[in-house]
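Trainee: no FASTA, just this:
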Ligand SMILES: Nc1ncnc2c1ncn2[C@@H]1O[C@H](COP(=O)(O)OP(=O)(O)OP(=O)(O)O)[C@@H](O)[C@H]1O
């Protein structure tokens with residue numbers, strides 16, 4: 001087993017309002033190893049983006065992380081709970097240890113700065129010894145890694161295609177050679193062909209440079225190709241966690257099965273898609289017990305009374321009363 005990079009333990013994030021709180025991420029735990037790709041999938045509103053902003057400590061009010069630990073293991077030095085760090089100390093970890101790529105490159109890139117200047121900013125902010133020339137040289141190397149020519153560094157973001165902007169963001173995330181890149185739907189804004197190209201490039205770079213990735217998407221089929229491990233989220237909780245292979249070939253949670261069967265199979269005969277009846281819960285008024293029980297064809301009497309805990313079932317970790325001896 002490779003080295004541990006990040007231990008997420010009981011992470012809970014709530015959106016506070018006068019009407020009460022919405023627990024958008026509840027008791028989320030997983031361990032990420034160096035160089036591993038963890039995919040997080042789930043329907044809209046399952047808490048994926050909330051998890052990403054909590055992992056990177058980018059969440060803003062009304063969101064608060066109300067419980068949990070985010071224990072980061074640097075290559076050299078002692079492990080540290082990122083949740084306990086002040087903003088100032090956290091800055092040392094951003095970009096150089098932990099970088100983020102978000103869905104919309106247009107929102108992340110500064111529209112009034114040339115691409116090269118944005119690279120220069122990040123690079124020189126983390127290495128004050130670097131000259132402008134050296135920073136531009138490094139920026140050229142970085143954009144070349146994602147297939148963008150050096151002349152594009154003189155462009156403003158609006159002069160680039162959507163795919164180029166998204167690839168630039170990935171290159172920017174790599175600027176300080178991080179150990180972990182957190183990605184929130186990084187390819188939803190581009191067409192399918194470009195999506196494939198970007199993902200192929202990402203996998204190649206990951207193989208060369210060895211960073212770990214947490215990759216969030218609603219598209220489970222994408223993760224089956226990309227991820228080592230997959231976490232399935234529903235109603236703010238991880239309901240199943242396992243290798244991509246096990247999640248595809250032997251999903252245990254009824255929701256994981258439903259999600260998998262909502263996509264056409266990769267091989268074999270054409271089949272009628274099943275889908276999952278009903279819609280995800282409104283987390284302001286979550287159903288009692290297991291949040292999936294109102295939509296679950298396999299529900300038991302106890303499912304509306306108790307929230308199942310994630311426990312090992314076969315090779316996966318599953319939160320479902322179907323697998324408990326006394327439900
Ligand atoms: N600013 C906010 N205030 C109150 N509730 C919020 C806020 N942002 C998100 N939520 C709630 O938190 C829950 C999780 O939202 P989140 O955006 O994390 O889900 P998601 O899985 O990323 O969805 P999507 O795939 O649509 O981006 C939802 O029920 C949402 O209504």
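Mentor: Cool, the structure landed. No experiment lies behind these values; they were computed from the predicted model shown.

Trainee: what sits against residue 256?
Mentor: Residue 256 makes contact with 232, 239, 240, 247, according to CB atoms under 8 Å, 6 or more residues apart in numbering. Backbone N, C-alpha and C define where each C-beta goes, glycine included.

Trainee: let's see 6 Å
Mentor: For residue 256, the contacting residues are 232, 240, by CB atoms under 6 Å, 6 or more residues apart in numbering.

Trainee: With residue 184 instead?
Mentor: Listed by CB under 6 Å, 6+ apart, the contact partners of residue 184 are 49, 52, 102, 103, 216.

Trainee: The helix or strand hosting residue 256 - what's its average pLDDT?
Mentor: Assigned by DSSP states H and E, residue 256 belongs to helix 254-260. The pLDDT scores in helix 254-260 average 93.

Trainee: Just confirm yes or no for it near the ligand.
Mentor: No: figure legend: helix 254-260 not in contact with the ligand (CB under 6 Å from any ligand atom); closest approach 12.7 Å.

Trainee: what's the closest of the contacts of residue 184 to residue 286?
Mentor: Residue 286 has its nearest neighbour among the contacts of residue 184 in residue 49, at 17.9 Å by CB to CB.

Trainee: neighbouring contacts of the following helix or strand past the helix holding residue 256?
Mentor: Going down the chain from helix 254-260, the next helix or strand is strand 311-313, by DSSP H and E. If you take CB under 6 Å, 6+ apart as the criterion, strand 311-313 is touched by 252, 323.

Trainee: Off-centre distance for the helix or strand just after strand 311-313?
Mentor: Sequence order places strand 316-318 as the next helix or strand after strand 311-313, per DSSP H and E. Mean-position distance between strand 316-318 and its chain equals 19 Å (CA atoms, centre = their mean, to the nearest Å).

Trainee: same for strand 316-318, what does it pack against?
Mentor: strand 237-243 (3 or more CB pairs under 6 Å, 6 or more residues apart in numbering; DSSP states H and E).

Trainee: Could you please name the strands the strand it packs on pairs with and the direction of each pair?
Mentor: strand 229-234 (antiparallel), strand 316-318 (antiparallel) (DSSP bridges).

Trainee: now the longest one: how far from the chain's centre is it?
Mentor: Between the centre of strand 229-234 and the centre of its chain there are 10 Å (CA atoms, centre = their mean).

Trainee: Among the contacts of residue 184, which one is most surrounded by other residues?
Mentor: Neighbour tally across those (other CB atoms under 10 Å): the maximum, 26 neighbours, falls on residue 216.

Trainee: what ranges do the strands span in the chain?
Mentor: Assigned by DSSP state E, the strands in the chain fall at 4-17, 20-33, 37-41, 63-72, 80-81, 98-101, 180-184, 212-217, 229-234, 237-243, 311-313, 316-318.

Trainee: ranking those by mean pLDDT, which is last?
Mentor: Note on the strands of the chain: strand 98-101 shows the lowest mean pLDDT, a mean of 90.
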